[in-house]
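J.: Next comes the sequence, and after it the predicted model I'd like to discuss.
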Amino acid sequence: MSPTNSDQTAPSVEQIGPIIISRHGRPALDRRLGPRLNWREYKDWWARYEAGGLAEDQSAPDDLKDIVKDARHVLASSRPRAVETAQMAAPWAEIEQNDLFWEANLPPPQWERVRFLPKTWNILARAAWMRGHKLDGEGIHDAEKRAERATDFLIDCAKDGKVYLAAHGWFNRMLRPRLRKRGWVCTRDGGDAYWSFRMYEFRKTRETRD
C-alpha cells in the first residue's frame, strides 16, 4: 500500500519536540514581604503582581539558555514576568506571547477581620479556587478547558521541532498530566523554583497510536 499524502508530510517521532516548559524568574513583587493584608487588599496585590515584571539583578540560568538555544518556537504567557523570562532565556528569539498560558486565578476567600502576608493568601486562595471559588475571575473548570487548549497548541508547535514555553508555576502543573496523557514523557525534571524547567519528549505508545 502506498503512503497517503498525510503519511508523507507527517513529522516523524524524531522530529517532534521536545517541549521545554519553565517557570518565570523571580518577580519584582515579593509575596513573602509585608504588610499583612485583608482579602480586598490581597486582591489588589495579586492584580499588581500579575501586571508586574521581574526583579532586577538576575539572569537566566546557563542550563536553561543552553537547552532552548535552538528552539523553533519560543512561547510565553503574555504576563510581563513570563515575557521577560523568555527574553532573558532566549534573547535571540521573537517571543510568541499568548494569553492561553496565563497563571490560574487566585481569588481570596472573603474572610473579614483577618490579615495575612501575600504568601499565606496565595495558599488560601489556591485551596478555595480548587473548591470552586472564583470571585470575578476564571474558575477551575474554565482553567482546565484552557489547559487542554494550551496543550493542543504546544503539541501543534512541537511538530516543527523544539518548543520553549515560559509560564507560571500552577498552570505549568496543570499541563503536566495532559501532556503525559498524550504520550509526552518528562525526561528532565528541574523542580518548581523560579527559573526551573522540565523537558518533555514524545513517546509513541499503544494509547497514543489509538
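T.: Structure received. Numbers count the residues shown, from 1 in each chain.
J.: Distance of residue 160 relative to residue 179?
T.: When distance is defined by CB to CB, to the nearest Å, residue 160 is 17 Å away from residue 179. In this view, the C-beta of every residue, glycine as well, is placed from N, C-alpha and C.
J.: ok, the two, which is more surrounded?
T.: Neighbours per residue (other CB atoms under 10 Å) separate residue 160 from residue 179, with residue 179 holding more: 23 against 14.
J.: Could you find the closest non-adjacent residue to that one?
T.: Leaving aside its chain neighbours, residue 179 sits nearest to residue 200 (5.3 Å; criterion: CB to CB, 6 or more residues apart in numbering).
J.: Can you get me a residue count around the closest residue to residue 130 other than its chain neighbours?
T.: Computed as CB to CB, 6+ apart, the closest residue to residue 130 that is not its neighbour in sequence is residue 140, at 6.0 Å. The burial count assigned to residue 140 is 16, neighbours taken as other CB under 10 Å.
J.: ok, now residue 52?
T.: Burial of residue 52, expressed as a neighbour count using other CB under 10 Å, amounts to 15.
J.: correct me, but it touches residue 25?
T.: No. Here residue 52 does not reach residue 25: they are 11.8 Å apart, not a contact under CB atoms under 8 Å.
J.: Give me the common contacts of these two.
T.: Shared between the contact lists of residue 52 and residue 25 (criterion: CB atoms under 8 Å, 6 or more residues apart in numbering) are residues residue 81.
J.: what about residue 153, is that helix, strand or coil?
T.: Reducing the assignment at residue 153 to three states with DSSP: H, G, I helix; E, B strand; the rest coil gives helix.
J.: where does this structure dip in pLDDT?
T.: Scanning the chain for pLDDT under 70 picks out 1-14, 205-210.
J.: From the centroid of it, which residue is nearest?
T.: Most central residue of the chain, judged by C-alpha distance to the mean C-alpha position with CA atoms, centre = their mean, is residue 167 at 3.2 Å.
J.: just checking, that one touches residue 81?
T.: No. Taking CB under 8 Å as the contact criterion, residue 167 and residue 81 are not neighbours in contact, 9.9 Å apart.
J.: Which neighbours do these two have in common?
T.: Going by CB under 8 Å, 6+ apart, residues that sit against residue 167 and also against residue 81 are residue 24.
J.: where along the protein do the strands fall?
T.: If DSSP state E is used as the criterion, the strands of the chain fall at 19-23, 73-77, 96-98, 163-167, 184-189, 197-202.
J.: how much does the last one deviate in direction from strand 184-189?
T.: Put simply, strand 197-202 runs at 140 degrees to strand 184-189, going by axes from the mean of the first three to the mean of the last three CA atoms, to 10 degrees.
J.: Right, I'll call it a day here.
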